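> I need the structure of the sequence given here:
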Amino acid sequence: MTDRFRRQDRALIWQLDHETMRIEPWGTDSLRLRATRGAAIQEDLPGALLPPGPDGSHTVIAIGTDGASIRHGALLAQVSPEGRVRFLNSTTDTELMAEASPHFARTPARHYRPLSGDTYRIEARFEAYDGERLYGLGQHQHGRLDQKGCVVDLVQYNTEVSIPFLLSSRGYGLLWHSPAVGRVELAHNGTRWTAEASPQLDYWVTAGDSPAEVLAHYAEATGQAPLLPEWAAGFWQSKLRYANQAEVLDVAAEYRRRGLPLSVIVIDFFHWTLMGDWQFDPGDWPDPGGMVRELARQGIRVAVSIWPTVNALSPNFEPMARGGLLVRSERGVPAHTHFIDRRPEGRVYLHVYDATNPEARRFLWERVRAGYYRHGVALYWLDACEPEMYPSTPDNLRYHLGNGLAVSNLYPLLHARAFFEGLRAEGEDEVAVLTRSAWAGSQRYGTIVWSGDVASTFEALQVQVRAGLNMGLSGIPWWTTDIGGFAGGDVNSPGFRELVVRWFQYATFCPIMRLHGYREPIGPGVFSGGPNEVWSFGDHAYAILREFLLLRERLRPYLMAQMSVAHERGTPPMRPLFFDFPADEACVPVDDQFMLGPDLLVAPVLHEGARSRQVYLPAGTAWQDGWTGSVVDGGQWTAAEAPLERLPLYVRAGASVPIRAQSESRDPGTATA
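This next block holds a predicted model:
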């Protein structure tokens, strides 16, 4: 049996029946497993993992008659002679996860179904464990925090962000290191990962004593998020859409007149001449450089929406088509999106640039540099970057890196990379890009993800709370939503005004705070929604929103301190209660509250008409009500008052977080317990 195993450098190799498996150390307390029925393990496939780098910890490989093992720090992998793999915590000798037990009449735990060329449809099956909780997987709209029992498609859609990383309550993290379209089934009788087209199986496992440790290992392996720029922690004003330069300047002037803080103003789509020109329409934007300079003098940054689509009428289309810089079709017409543009009138077929091609990324950046950056715009909103296609048929796409089934999920990561590297090459050291999608490792390119075009309903707000927490547990610390939801909100409706207030309150404590939406009543022109500024929802709502804007300003130093921790350790600033209170089992089922950093507990109001809610205060500390200053012991539920003017907030005993304004607080500017 020992002839099935061998050591190669620091890796353990197993071979049997035309299958080769390689397990090797890949970062602190982490191992990477690759396996194939092809000729050899491929080393240069696209993915999220960075090179492992030097590691001082000792790797121990043992080969015997009853199998082999490889230990790297706290993680141990055991391989049977037949090739079944188990992962254990080497310090406690407890099983973390294991491939499904073999049976002669069943599909093996690692299954390869040959496709064309050197690709396979790959399945990997693992044991299920009673009581295991599973988090992460990016952002999904199923409304669950614990995803045990869910079936999740591994594919990018508007509002659905696929990041194939799982954080387990059993003390491990698993990255399914394949950009292929697929799915994961987290059933009670087993877990199954599927890649629809890939040359090999590839996943990464890490062990940790806490969720924070697991996420630190994951950030080390896939890249640290940069330090969030200070300006990005402020308030972002956006709507669909500001139609011209004068409108943008008028909105900024009104914020200044009212004494309201404003960090970013966003210019949405159709500000361009044609899709794929990547430039301002001079008729509506006669002096974009002057506009950017004027706003900069007020401390306001300008962001512009950029789509990855190209109209065949654009002068850029022919050089991109001739140069192989567009996504192709395996069969049929090459266009992939049916949408409108400035011309011709009505619907037009649009083409998608190929972000997986380095030359295409360079071409795009040079056009963006000429069309926007030279005017002073250094903040970009990468909309529709899944990329959005109708219909979605990834098997019919041919990217530079391969067939769409094999590589599609990489697109948003590489699209963000084009802007990150372009801005860095220009000498910009504070880079952030707002994107509608992401993949594992996107955080290293300064990606801010927002939750896409969600509905303007309380039900959608409830879902966003869980989606945002899972996004943080997937390694993306910078996240936000469209305050008020994207579509369906009438600014004159009392019900919608209440929703905006409650969503605004919640967003005050999100990593990024951004007001956006396509509001009713719809205005004249193409996609000209109604007003969407903080004063647009009536005097009562405005008074509340103004106070929360000022609260956000007071919180910015605290928030930036949490962003520093996210940069250094991968700890999300916004996280579930169990993250900070692992010893309190009562925290586990709580999925509609969260911690912002270690000291501030936020309990958003998520139901229409609610004026109170139950709040769980974790054990091990006392808690001070952020508004009244009253102190409550932890380890209990409390009935918290929640008039429309506020949401329940609690500060950990001994901490100082500036909830109340100085005139309201006994300890000026703080709530202190």
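> secondary structure class for the residue lying closest to residue 442 once chain neighbours are set aside?
Closest residue in space to residue 442, ignoring its immediate chain neighbours: residue 413 at 4.8 Å, by C-beta to C-beta, 6 or more residues apart in numbering. Backbone N, C-alpha and C define where each C-beta goes, glycine included. At residue 413, secondary structure determined by DSSP: H, G, I helix; E, B strand; the rest coil is helix.
> As CSV, could you dump the C-alpha coordinates of whichever strand or helix holds residue 496?
In this assignment (DSSP states H and E), residue 496 forms part of helix 494-507. Coordinates of the C-alpha atoms in helix 494-507 are reproduced here as CSV (Å, rounded to 0.1, in the frame of the first residue of the first chain):
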residue,chain,number,x,y,z
PRO,A,494,-46.0,57.0,4.5
GLY,A,495,-45.1,53.3,4.4
PHE,A,496,-42.0,53.9,2.2
ARG,A,497,-40.9,56.8,4.3
GLU,A,498,-41.0,54.6,7.4
LEU,A,499,-38.9,52.0,5.5
VAL,A,500,-36.3,54.6,4.4
VAL,A,501,-36.0,55.7,8.1
ARG,A,502,-35.5,52.1,9.4
TRP,A,503,-33.1,51.2,6.5
PHE,A,504,-31.1,54.4,7.0
GLN,A,505,-30.8,53.7,10.7
TYR,A,506,-29.5,50.2,9.9
ALA,A,507,-27.1,51.5,7.3
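> What is it packed up against?
Taking 3 or more C-beta pairs under 8 Å, 6 or more residues apart in numbering; DSSP states H and E as contact, the helices and strands that helix 494-507 lies on are helix 458-472, strand 487-490, strand 513-515, helix 539-569.
> what about residue 434, how many neighbours?
Applying other C-beta atoms under 10 Å, we find 29 residues neighbouring residue 434.
> what do you get for residue 531?
Counted with other C-beta under 10 Å, residue 531 comes out at 13.
> same thing with residue 468?
By other C-beta under 10 Å, 26 other residues sit near residue 468.
> Excluding chain neighbours, what is closest to it?
Computed as C-beta to C-beta, 6+ apart, the closest residue to residue 468 that is not its neighbour in sequence is residue 479, at 5.3 Å.
> Strands of the stretch 151-300 of the chain, start to end?
All strands of the stretch 151-300 of the chain, identified by DSSP state E, counting those that start in this stretch, fall at 151-154, 161-168, 172-176, 182-187, 190-198, 201-207, 235-237, 264-267.
> how about a markdown table for those strands, with mean neighbour count and mean pLDDT added?
Formatted as a markdown table, these follow (neighbours: other C-beta atoms under 10 Å; pLDDT from 0 to 100):
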| stretch | mean neighbour count | mean pLDDT |
| --- | --- | --- |
| strand 151-154 | 18 | 98 |
| strand 161-168 | 27 | 98 |
| strand 172-176 | 25 | 99 |
| strand 182-187 | 19 | 98 |
| strand 190-198 | 23 | 98 |
| strand 201-207 | 25 | 98 |
| strand 235-237 | 24 | 99 |
| strand 264-267 | 24 | 98 |
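> between the helices and strands packed on helix 494-507, which one is nearest to residue 530?
Among those, strand 487-490 comes nearest to residue 530, with 7.8 Å by C-beta to C-beta.
> List the contacts of the closest one.
Strand 487-490 has contacts (C-beta atoms under 8 Å, 6 or more residues apart in numbering) with 453, 455-457, 496, 499-500, 517-521, 530.
> And for stretch 578-585?
So stretch 578-585 is in contact with 210-212, 577, 587-588, 590, 595, 598, 618-620, 635, going by C-beta under 8 Å, 6+ apart.
> Spatially, which two of these are the most separated?
It's 212 and 635 that sit farthest apart of the contacts of stretch 578-585, by C-beta to C-beta, at 21.7 Å.
> Between the two, tell me which one has more neighbours.
More crowded of residue 212 and residue 635, by other C-beta under 10 Å: residue 212, with 18 against 15.
> tell me the pLDDT at that one?
At residue 212, the model reports a pLDDT of 98.
> cool, and residue 333?
Turning to residue 333, the model gives it a pLDDT of 86.
> Count the residues that sit near it.
Residues lying near residue 333 (other C-beta under 10 Å) number 8.
> Could I get the contacting residues of it?
Contacts of residue 333 were listed using C-beta under 8 Å, 6+ apart, and they are residue 349.
> So it: helix, strand or coil?
coil.
> if we can go back for a sec, counting neighbours, which of the contacts of stretch 578-585 end up buried?
Using 16 or more other C-beta atoms under 10 Å as the burial test, these include 211, 212, 577, 587, 588, 590, 595, 618 as buried.
> still on that earlier bit, tell me the one among the contacts of strand 487-490 nearest to residue 66.
Of all these, residue 453 has the smallest distance to residue 66: 55.3 Å, by C-beta to C-beta.
> What pLDDT is listed against the closest one?
According to the model, residue 453 carries a pLDDT of 98.
> Same question for residue 527.
Residue 527 carries a pLDDT value of 88.
> thinking it is in contact with residue 243, fair?
No: Residue 527 is beyond contact range of residue 243, at 9.2 Å (criterion: C-beta atoms under 8 Å).
> what about the two, which has more around it?
Set residue 527 next to residue 243 and count neighbours by other C-beta under 10 Å: residue 243 wins out with 19 against 14.
> follow-up on the earlier one: which one of the strands of the stretch 151-300 of the chain lies closest to residue 402?
Among the strands of the stretch 151-300 of the chain, strand 190-198 sits nearest to residue 402 (C-beta to C-beta), with 8.1 Å.
> Counting by contacts, list what the closest one packs against.
The contact analysis (3+ C-beta pairs under 8 Å, 6+ apart) places strand 190-198 against strand 120-126, strand 182-187, helix 404-407.
> mind checking which helix or strand of the chain has the lowest mean pLDDT?
Ranked by mean pLDDT, DSSP states H and E, the weakest helix or strand in the chain is strand 671-672, scoring a mean of 48.
> what about the strands in the stretch 1-150 of the chain?
Going by DSSP E, counting those that start in this stretch, the stretch 1-150 of the chain shows strands at 5-8, 11-16, 19-25, 30-36, 59-64, 67-72, 75-79, 85-89, 94-98, 110-114, 120-126, 134-139.
> Cool, thanks, signing off.
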